[in-house]
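A.B. asks: need a structure here:
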Amino acid sequence: QVQQVESGGGLVQPGGSLRLSCVVSGSIFSINALGWYRQVPGEQRELVAAIPYGGSSTIYKSSVKGRFTISRDNAKNTVYLQMSSLKPEDTAVYYCNPCTYSGARCDPLYAWGQGTLVTVSS
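C.D. replies: Numbers count the residues shown, from 1 in each chain. Next comes the predicted model:
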């Protein structure tokens, strides 16, 4: 059974930084791409960033390019999202999920975890 546990969210002022972490259980970690997604209440969940097993050929949502960096530690079954220069429009619940690359998308494979809330506000 695959489970994701996200952490690291919180309240931050505009321009600030946060690092999200997600521990993925199950033997699939080392063979799958991993994605970070976010969802605002009333809106669809969207892909923010994705990283393949080898760590190259990352995908980023255009609005976060240059501000967010996705990385992974395969030895710790953990994927990270370093977020800098945060904006109020980055406010959302952030989720991670193993995913499959499909062009500019990374389609999620498993049920969602509880997510971690990021609030950007002064």
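
A.B. asks: quick one: terminal-to-terminal distance for stretch 108-122?
C.D. replies: For stretch 108-122, the separation between the terminal residues is 33 Å (C-alpha to C-alpha, to the nearest Å).

A.B. asks: Stretch 81-91 now?
C.D. replies: 14 Å.

A.B. asks: now that stretch: mean pLDDT?
C.D. replies: Stretch 81-91 comes out with an average pLDDT of 98.

A.B. asks: contacts for that stretch?
C.D. replies: Stretch 81-91 is contacted from outside by 12, 14-20, 22, 36, 38, 40, 48-49, 63-64, 67-71, 94, 96, 118-121, using C-beta atoms under 8 Å, 6 or more residues apart in numbering. Every C-beta, even on glycine, is put in place using the N, C-alpha and C of the backbone.

A.B. asks: of those residues, buried ones?
C.D. replies: Among the contacts of stretch 81-91, the ones that count as buried by 16 or more other C-beta atoms under 10 Å are 12, 18, 20, 22, 36, 38, 48-49, 64, 68-70, 94, 96, 118, 120.

A.B. asks: quick one: contacts for the spatially most central residue of the chain?
C.D. replies: The residue lying closest to the centre of the chain (C-alpha atoms, centre = their mean) is residue 36, at 2.0 Å. Contacts for residue 36 (C-beta under 8 Å, 6+ apart) come out as 20, 22, 47, 48, 49, 50, 70, 79, 81, 94, 95, 96.

A.B. asks: mind running it again at 7 Å?
C.D. replies: Residue 36 is in contact with 48, 49, 70, 81, 94, 96, counting by C-beta atoms under 7 Å, 6 or more residues apart in numbering.

A.B. asks: ok, now residue 60?
C.D. replies: 49, 68.
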